[in-house]
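Visitor: Here's my sequence, what's the structure:
(2 chains)
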Amino acid sequence: MSFISGRRTGRRGSRRFTRRDLVVLGVLLGLPVLLDLAVVWGPTLASVVLSFTSWDGIGDIEWVGTRNYTDLFTNYPQFWPAARHNLLWLAFLGLVATPFGLLLAVLIDRGVRFSRFYQSTLYMPVVLSLAVVGFIAQLVFSRDQGALNAVLGDTDSPTDWLGDPDLNIWMILLAAAWRHTGYVMILYLAGLKAVDPSLKEAAAIDGASEAQTFFRVVFPTLRPVNVIVGVITVIESLRAFDIVYAVNHGRNGLELLSVLVTDNIIGEASRIGFGSAIAVVLLTVSLGFVVTYLVQELRGEKDR
Amino acid sequence: MTTTQATRVRPAPSAPAAARRRIRPGRLGVHAFLMAVSLAFLAPLLLAVYASLRPYDETSEYGYFSLPRHLSLDYYRQAFTDSGMTKYFVNTMIIAIPGVLVTLFLASFVAFALARLRMRGGLVLLMLFTAGNLLPQQVIVTPLYVVFNRIPLPYWMSDSMTMFDSYWAVVLVQIGFQLGFCVFVLANFMRTLPKEILEAAVVDGAGVWTQFWRITLPLCRPALAALGTLQFTWMYNDFLWALVFISDGDKLPVTSALNNLRGQFFTDYNLLAAGSVIVALPTLIVFLLLQRHFIAGLTLGAGKG
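Guide: So this is what the prediction gives:
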């Protein structure tokens, strides 16, 4: 059923398509492909080209070589904090939220009662928009009336959870993890359901403990899910934008690369070339992961 | 089903009664843990609902975490009348409904062509779409912003006379960007369909369109329902596209308009809470009603191992 065997059979029949078929194919395949190229790949390429120019969006485009990049790395104070925050985001989601989601999935998959209730509740934040999550975070973490300070009984010298630039990124990470955990849990739950029970039985008969069974037998079979979860985690960490933008437009300790891109193009001084350079940094990092993922997919495709 | 599975898996030691007794406290611990986590996950939402029902003076004096003295739906009324949430909802629908329908239609044809017609270069196409969906949005935002500003549209299509600041821009980007995910999921789904049905149709002389529309698509109904639910939520929740491509505040979809609510009433977080609840409600309802579809949509793409 794969494309490899498909090619073989394709060569066999020259009956293939009538003229009407070709028209249908041309229009209905051409339209989405054109759209994908025009909306996704064309702009991506344009971003790369524009990143070597200086342009305000109206006047002439001036070629400046790698100046945007040297400026970015050496002469743009927001860049490194933003990059650090993106990395922190990745580390937090990858090392805290994702394993937590896996743990929840494993617990629920053991067939506890009320599992549907747990599952729905834990998944609920995922359907909220990140902007809404950002606003709800403000209710919880705001300094004077926030719920967290009220719980802590911290009324004399309240902690400014979202205003303190050393602290706020962690609070935002908690809010982001609130959403990410449920997403990861659902993916793992689906993966766990697909694990052949006889594998676990065999391991149990061989005297493996539950932990051993999980790490040596079940977890390795989850590899396709692990790959997807990994990609989602990376992509979400690089794309992160909505929450910080909803809280304080990504300033004062909440800088992210995505915010810097947006600031540079829709801000007062439209610095298209410079904004593109930041976008290309994001692109380079994410492409590494995207390519790895696609190679994996490609292999799976051939096995089928 | 999962319960029997779990009991079957458990090792059967020489003294089964002892084993059964040992499991009880463990089970209880698991429940306590899951219950605690569930409550912690629900708490922020409940807090938002609670805050939205109370006047600002009260919470500013006693904090969000106090007993209520007055409860009213005033903020909800205010959000709909003064802040025009109705208008923003309509904007969202103008973007999301055509967005979802066109995306599903185009993606299912691409997926059909990739998965069911044996075509050269199919894999390359699949990669093109899938990879496109994984790129960070910020990479494509800048050039699109520039281009949309330069594409003129007649007045009847856009009162800004350009692609920029019109629904067309947002809908187009939504469709283009989400195509990748839908193609990926639907192609995976269509591969699981029995190919004999299609072969029989080909023998009977069915053209490409008939094979697609009359034979393959009806079989894809569950996948389409799942994807449609998911896509609707994603397009509804989108924040960035509208923020960048629409400058007229009256045209903003409801999620992005939430930001305006704060601009006008800077300190009134209770109104913002009401706004957040209003914005969150449709997706929550969709989720609770269509949970099965929703989760199926996510895992169709992932749980294909």
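Visitor: quick one: low-confidence parts of chain A?
Guide: Where chain A drops to pLDDT under 70, the residues are A:1-15, A:154-155, A:267-269, A:300-304.
Visitor: For it, which segments count as strands?
Guide: Secondary structure of chain A (DSSP state E): strands located at A:53-54, A:62-63.
Visitor: Of all those strands, which one is nearest chain B?
Guide: Closest to chain B of the strands of chain A is strand A:53-54 (Cβ to the nearest Cβ; 11.4 Å). In this view, the C-beta of every residue, glycine as well, is placed from N, C-alpha and C.
Visitor: Now do the strands in chain B.
Guide: Using DSSP E, strands in chain B do not occur.
Visitor: ok, the one residue in it that gets nearest to chain A - how many residues close by?
Guide: Per Cβ to the nearest Cβ, B:G176 is where chain B lies closest to chain A, at 2.9 Å. For B:G176, the neighbour count with other Cβ atoms under 10 Å in any protein chain shown is 26.
Visitor: Now it. Nearest residue, chain neighbours left out?
Guide: In space, and not counting its chain neighbours, B:G176 is closest to A:V39: 2.9 Å by Cβ to Cβ, 6 or more residues apart in numbering or on different chains.
Visitor: ok, the one you found - contacts?
Guide: Contacts for A:V39 (Cβ atoms under 8 Å, 6 or more residues apart in numbering or on different chains) come out as B:I140, B:L144, B:L172, B:V173, B:I175, B:G176, B:F177.
Visitor: Quick test: name the residue nearest the centre of chain A.
Guide: A:E236 (1.7 Å; Cα atoms, centre = their mean).
Visitor: Pretty sure that one sits against A:T181.
Guide: No: applying Cβ atoms under 8 Å as the test, A:E236 and A:T181 come out as separate, 11.9 Å apart.
Visitor: which phi and psi does A:Q78 have?
Guide: phi -80, psi -20 (degrees, to the nearest 10).
Visitor: Could I get the buried residue list for stretch A:243-258?
Guide: A:243-248, A:250, A:253-258 (16 or more other Cβ atoms under 10 Å in any protein chain shown).
Visitor: that older thread, most surrounded residue in the contacts of A:V39?
Guide: Neighbour count (other Cβ under 10 Å) singles out B:V173 as the most crowded of those, with 28 neighbours.
Visitor: ok, now how distant is that residue from A:G134?
Guide: For B:V173, the distance to A:G134 equals 22 Å [Cβ to Cβ, to the nearest Å].
Visitor: List the contacts of the nearest residue in space to B:I295 that is not next to it in sequence.
Guide: Excluding the flanking residues, the one nearest B:I295 by Cβ to Cβ, 6+ apart is A:I186, at 5.6 Å. When contacts are counted by Cβ under 8 Å, 6+ apart, A:I186 touches A:A105, A:Q119, A:Y123, A:V126, B:I295, B:L298, B:T299.
Visitor: Output the below-cut-off pLDDT ranges for chain B.
Guide: Residue ranges of chain B with pLDDT under 70: B:1-24, B:262-267, B:301-305.
Visitor: Show me what counts as buried in the longest helix along it.
Guide: Looking across chain B with DSSP state H, the single longest helix is helix B:16-52. With burial defined by 16+ other Cβ under 10 Å, the residues of helix B:16-52 counted as buried are B:L34, B:V37, B:S38, B:F41, B:P44, B:L45, B:L47, B:A48, B:Y50, B:A51, B:S52.
Visitor: what packs against it?
Guide: Helices and strands touching helix B:16-52, by 3 or more Cβ pairs under 8 Å, 6 or more residues apart in numbering or on different chains; DSSP states H and E, are helix A:98-109, helix A:115-123, helix A:130-141, helix A:168-193, helix B:269-289.
Visitor: can you do 6 Å?
Guide: Using 3 or more Cβ pairs under 6 Å, 6 or more residues apart in numbering or on different chains; DSSP states H and E, the elements in contact with helix B:16-52 are helix A:115-123, helix A:130-141, helix B:269-289.
Visitor: Distance check, whatever residue of chain A ends up closest to chain B against B:G180.
Guide: Chain B sits closest to A:V39 of chain A, with a gap of 2.9 Å, by Cβ to the nearest Cβ. The gap separating A:V39 from B:G180 is 10 Å, by Cβ to Cβ.
Visitor: which residues does A:R271 contact?
Guide: Listed by Cβ atoms under 6 Å, 6 or more residues apart in numbering or on different chains, the contact set of A:R271 reads A:N264.
Visitor: So what does it have for phi and psi?
Guide: The phi/psi pair for A:R271 (degrees, to the nearest 10) is phi -110, psi 80.
Visitor: Any idea how many residues pack against residue 239?
Guide: No chain specified, so I'll use chain A. Neighbours around A:R239, by other Cβ under 10 Å: 23.
Visitor: To clarify, I was referring to chain B.
Guide: 23.
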